[in-house]
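A.B. asks: Got a predicted model here, sequence first, then my questions.
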Amino acid sequence: MAGCVSHVEGPSVRLLLADVDGTLVTPEKALTERTVAAVRKLGAEGVLFAITSGRPPRGMAMLIEPLELELPLAAFNGGLLVDRHLVVLEQHEIAQRSVLPIVDLLESHALDAWLYRGADWYVRRLSAPHVDREARTVAFTPTLVDSYDQLTDRVAKLVGVSDDPRAIAAATSAVQDRFGDHLSVASSQPYYLDVTHPKANKGAVLLDLAARYAIKPEEIATIGDGPNDMLMFAKSGLSIAMGNAGSDVKRAASFVTTSDAEEGFANAVERFILPRAA
């Protein structure tokens, strides 16, 4: 389709940037055959494909071979950009002086604080909520430590964890009020609060890819399910919310597809992306 003018209303698409959990994989964290086939169809039509996630790089590694990923992977919501061999291309770290105050602030709102530093994940309670779930998702276990005092350098992401939505909301406001523009603060899941460098957000990932591959942002399509995906929706020419997304995320998108349990990603590629292949 290269060189053809799309007969579908809307912008042409040269690159699709996808979230992972709740979007690219099923609720069981698996790739379906239709998803793999959809990504290969993108390549056949000349549409580039990239992924961005709150996951650490090691937690994205299992997607590289089946999807034949070639573009940089944006881990930690863009805090760490790596190639398909997990070699670091670019990183945005939280200021060392801010790490412990952020941890203290999260814990003051009864959130468990996790720390991601380089390729490693640290926790202070293995029995804390969602540790087991996250370990299954990223396919490696965290390192248990008594204190984060000696781990304040090279921190790519801090996560506050709670099953209380009010606690997550209160902590979000508190971190934003205290640190303002010095941090990016967003929820990747209802029970996670991700804290990263201000340049480590999915909107910045989109702009980075646009610059790297000489593609206009309006020629990039995005697909996701979480509040942190709205940042890349706002920068892209075409945005797609998953059927399992919240109402705010759906309102921010150009289109809504089916859920992650109903082949939402593959349906979106076939219905909204391939007809607009540049």
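C.D. replies: Yep, that arrived.

A.B. asks: Next one, pLDDT for G3 please.
C.D. replies: If you check G3, the pLDDT there is 34.

A.B. asks: Same check on the one 4 residues further on?
C.D. replies: Confidence per residue is given as pLDDT, and for H7 that number is 42.

A.B. asks: in the stretch 101-250 of the chain, which spans are helices?
C.D. replies: 131-138, 165-179, 202-212, 230-233, 247-252 (DSSP state H, counting those that start in this stretch).

A.B. asks: Just give the closest residue to D153, not the sequence neighbours.
C.D. replies: Nearest non-adjacent residue to D153, counting by Cβ to Cβ, 6 or more residues apart in numbering: Q96, 5.3 Å away. Where you see a C-beta, it was placed from the backbone N, CA and C, and this is true even at glycine.

A.B. asks: what's that neighbour in contact with, if anything?
C.D. replies: For Q96, the contacting residues are 152-153, 155, by Cβ atoms under 8 Å, 6 or more residues apart in numbering.

A.B. asks: between those, which is closest to R166?
C.D. replies: Using Cβ to Cβ, V155 comes nearest to R166 of those, at 26.6 Å.

A.B. asks: partners of that closest one in the sheet?
C.D. replies: With DSSP bridges applied, V155 shows beta-bridge pairing to R117.

A.B. asks: Among the contacts of Q96, which one has the most neighbours?
C.D. replies: V155 (26 neighbours; other Cβ atoms under 10 Å).

A.B. asks: re earlier: ok, the residue nearest to D153 to P165 distance?
C.D. replies: Distance, Q96 to P165, by Cβ to Cβ, to the nearest Å: 31 Å.

A.B. asks: State the distance from G46 to A38.
C.D. replies: Taking Cβ to Cβ, one finds G46 at 15 Å from A38.

A.B. asks: In terms of neighbours, single out the busier of these two.
C.D. replies: Between G46 and A38, A38 has the larger neighbour count (other Cβ under 10 Å), namely 23 against 13.

A.B. asks: In a helix, that one, correct?
C.D. replies: Yes: in this structure, A38 lies within a helix as judged by DSSP: H, G, I helix; E, B strand; the rest coil.

A.B. asks: list the contacts for it?
C.D. replies: For A38, the contacting residues are 265-266, 269-270, by Cβ under 8 Å, 6+ apart.

A.B. asks: so of these, which ones are in strands?
C.D. replies: Using DSSP state E, no member of the contacts of A38 sits in strands.

A.B. asks: Now intersect those with the helices, please.
C.D. replies: Among the contacts of A38, the ones falling in helices (DSSP state H) are 265-266.

A.B. asks: would a markdown table of the contacts of A38 with neighbour count and pLDDT be doable?
C.D. replies: Output for the contacts of A38, formatted as a markdown table (neighbours: other Cβ atoms under 10 Å; pLDDT from 0 to 100):
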| residue | neighbour count | pLDDT |
| --- | --- | --- |
| F265 | 29 | 98 |
| A266 | 21 | 98 |
| V269 | 27 | 98 |
| E270 | 16 | 98 |
